[in-house]
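Colleague: Give me coordinates for this.
(one chain, ligands or ions: 2)
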Amino acid sequence: MSSPDLLAALTAPDAVERPDAVTIAGRTLASPDLLDRAGAVGERIAGAGTVAVHATPTLETVIAVVGGLLAGVPVVTLPPDSGPAERAHLLRDSGAELVLTGEDRQTMPTETTTPTTTTTTDLGLPVITVADLPRAPSAGWSPARSPDDAALLIYTSGTTGAPKGAILGRRALAAGLDALAEAWQWTAADRLVHGLPLFHVHGLVLGVLGALRVGSPVVHTGRPTPEAYAHAATESAGTLYFGVPTVWSRLVAEPAAAQALRGARLLVSGSAALPIPVFDRLESLTGHRAVERYGMTETMITLSTRADGERRPGWVGLPVRGVSTRLVHEGADVPDDGTTPGEIWVRGPMLFSGYHHRPEATAAVLDAQGWMHTGDIAVRDAGGMHRIVGRASTDLISSGGYRIGAGEVEDALLAHPAVREAAVIGTPHPDLGEAVTAFVVADGVGAEALSAFVAQRLSVHKRPRVVQLVDALPRNAMGKVVKSRLTS
Ligand code: MCA
Ligand code: AMP
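Modeller: Ligands and ions are numbered 1, 2, ... in the order given. Sure thing, here's the model as predicted:
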């Protein structure tokens, strides 16, 4: 697949029809129906600057996102469990003009339900229920889009402040997906299975748009549980499975479920480091050495082990097609000796176009030569294989495959009237990789109430799993919190 048109495999006149193009939680949509229903969305939203999609794991989310792509209207994805503070930030910051939602009105907490197609949310934006739209666009409707359009606006945490919207272009997504198809030998003969959230790159871009671009059916399991993956293996004959390390570690804890994946072609892990014991256990139960790959919202996937290459536990592989990397320490490239660490800089056609409305934040990570300074630290051996060894900042926490900014959680805690001081770090966690851990100085409020308070304001996965109530935070002579002295 080399067409710069991201959706070519769906929209081209000679596109192969797939009766089972997308299945989510047991409901299936054929590719011509997806095209029709997304066309109806596209016609309805055409001309909008940006639209938001309440991204539940449903067929309606796929229809809405593809509708935006058909119409050339950038889509911002809203985590369905995000609380009012986070949701308002995403809607305001993105400039979304309307919200598309699935048929399940229960999942729209702030919606006022009326019998008409359009209602309004808290910010006064029109809400369009995808299920209420016609099943196809009008006969004469022709979409206007160009490969250079922005496709998605995906919000991602930084070390400080509120999440920033990464602008992902259609051409970049197409290049990134083609590079992965090549590295993983992903073809229309595959059947992809996963149960990852549809508001991030992993589940939505790789897990849905990738399948649509390659022409392989995708089965989304609703949740990424061991039982659901085993069921998809037995019932749907999946060949390619995606998961974050927590998903794989939960799977190997249930040997019978893991063994059901023996007939797969490829198991792929990413979004966080796959622990070596999980890699080994997965191999002994399924016969598969997992492919591990590394990326970030701003860059898509830039490094991966390959379907036809070495898969070394603990290592994330080689640059995918079109990608160059540098490992830089204090302005100089480090030697390729497999032991000297440097910050990973990546360059390639799949990089984002910048943060929405934040040129300074963009310039801080994307230099004039097109290198993205990732903030991740790696070593590289003489064969070009990379191993991630850490992050430059302790203020980005990796929990369950989600990247969570400590600052955002601290701000949410400080919004509680009883909280005087808060500092948040990641602490090692056997299931999630890291647990969001908060140290809080507060009067008369308990740990559980504080965790629930954050879960209500932000997305639920950002809530502190551990809250330590302390008398004071450790500070240096300048009064700055010394996070290295926080221990749970
Ligand atoms: C728990 N729940 C609560 C609260 N506590 N609800 C309200 N208030 C609370 N205080 C509910 C949740 O809503 C949920 O309900 C249920 O409890 C379980 O939530 P949680 O404990 O957070 O989930 P988990 O089981 O620990 O989740 C593990 C997971 C998840 C499934 C692995 O972390 C996950 O989906 N990770 C994937 C992340 C991902 O896709 N990252 C990609 C970004 P209910 O059951 O009703 O829902 S990275 C990326 O895109 C780059 C490019 C890359 O490299 O891939
Ligand atoms: P996000 O932009 O939310 O997808 O988070 C991207 C971050 O996830 C990266 O900057 C890395 O820190 C981390 N990450 C992704 N894949 C891997 C991996 N295979 N191993 C270690 N860290 C990873």
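
Colleague: ok, the spatially closest residue to T160 that is not a sequence neighbour to L366 distance?
Modeller: Leaving out its chain neighbours, the residue that sits closest to T160 by CB to CB, 6 or more residues apart in numbering is G407, at 4.0 Å. Backbone N, C-alpha and C define where each C-beta goes, glycine included. Relative to L366, G407 is positioned 21 Å away (criterion: CB to CB, to the nearest Å).

Colleague: Same question for L206.
Modeller: Note on L206: its distance to L366, by CB to CB, is 22 Å.

Colleague: and what of G222?
Modeller: 36 Å.

Colleague: between the two, who's got more neighbours?
Modeller: Set side by side, G222 and L366 give different neighbour counts by other CB atoms under 10 Å, the larger being at L366 (21 against 13).

Colleague: Is the closest residue to the more buried one other than its chain neighbours bridged to anything, and to what?
Modeller: Spatial nearest neighbour of L366, excluding adjacent residues (CB to CB, 6+ apart): M372 at 5.4 Å. For M372, the residues forming beta bridges with it (DSSP bridges) are V346, L366.

Colleague: do G165 as well
Modeller: Listed by DSSP bridges, the beta-bridge partners for G165 are Y155.

Colleague: Same question for T28.
Modeller: Beta-bridge pairing of T28 under DSSP bridges involves T23.

Colleague: and the stretch 201-350 of the chain, which residues reach ligand 1?
Modeller: V201, H202, G203, P224, V244, T246, V247, G270, S271, G295, M296, T297 (CB under 6 Å from any ligand atom).

Colleague: Check what pLDDT the residue nearest to T160 gets.
Modeller: Predicted confidence (pLDDT) for G407: 94.

Colleague: do the same with D148
Modeller: What the model reports as pLDDT for D148 is 86.

Colleague: That one contacts R170, doesn't it?
Modeller: Yes. Contact status for D148 versus R170: in contact at 7.2 Å, counting by CB atoms under 8 Å.

Colleague: okay, the two: which has more neighbours?
Modeller: Using other CB under 10 Å, the more surrounded residue of D148 and R170 is R170, with 23 against 12.

Colleague: Do I have it right that the more buried one meets L69?
Modeller: Yes. R170 is within contact range of L69, at 7.2 Å (criterion: CB under 8 Å).

Colleague: Touching both of the two, which residues are there?
Modeller: Residues within reach of R170 and of L69 at once, by CB atoms under 8 Å, 6 or more residues apart in numbering, are L6, R145, A151.

Colleague: who in this protein is up against ligand 2?
Modeller: Of all the residues in the chain, those in contact range of ligand 2 (CB under 6 Å from any ligand atom) are 156, 201, 270-273, 292, 294-297, 316, 374, 376, 388, 391, 398, 403.

Colleague: Could you give me the ChimeraX syntax to select whichever of those residues are buried?
Modeller: Burial among these is assessed by 16 or more other CB atoms under 10 Å; the matching ChimeraX selection reads:
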select :156,201,270,271,272,273,292,294,295,296,297,316,374,376,388,391,398,403
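
Colleague: So which of the residues of the chain next to ligand 2 are in helices?
Modeller: The subset of the residues of the chain next to ligand 2 located in helices under the criterion DSSP state H is empty.

Colleague: need the helices for the stretch 1-150 of the chain, in chain order.
Modeller: For the stretch 1-150 of the chain, the helices defined by DSSP state H, counting those that start in this stretch occupy 8-11, 31-45, 59-71, 84-94.

Colleague: Same question for the stretch 301-450 of the chain.
Modeller: Remark: helices of the stretch 301-450 of the chain, listed N- to C-terminal, are 359-365, 406-414, 447-457; assignment by DSSP H, counting those that start in this stretch.

Colleague: Now tabulate those helices in JSON lines and tack on mean neighbour count.
Modeller: Formatted as JSON lines, the entries for these read as follows, by neighbours: other CB atoms under 10 Å:
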{"stretch": "helix 359-365", "mean neighbour count": "13"}
{"stretch": "helix 406-414", "mean neighbour count": "22"}
{"stretch": "helix 447-457", "mean neighbour count": "18"}
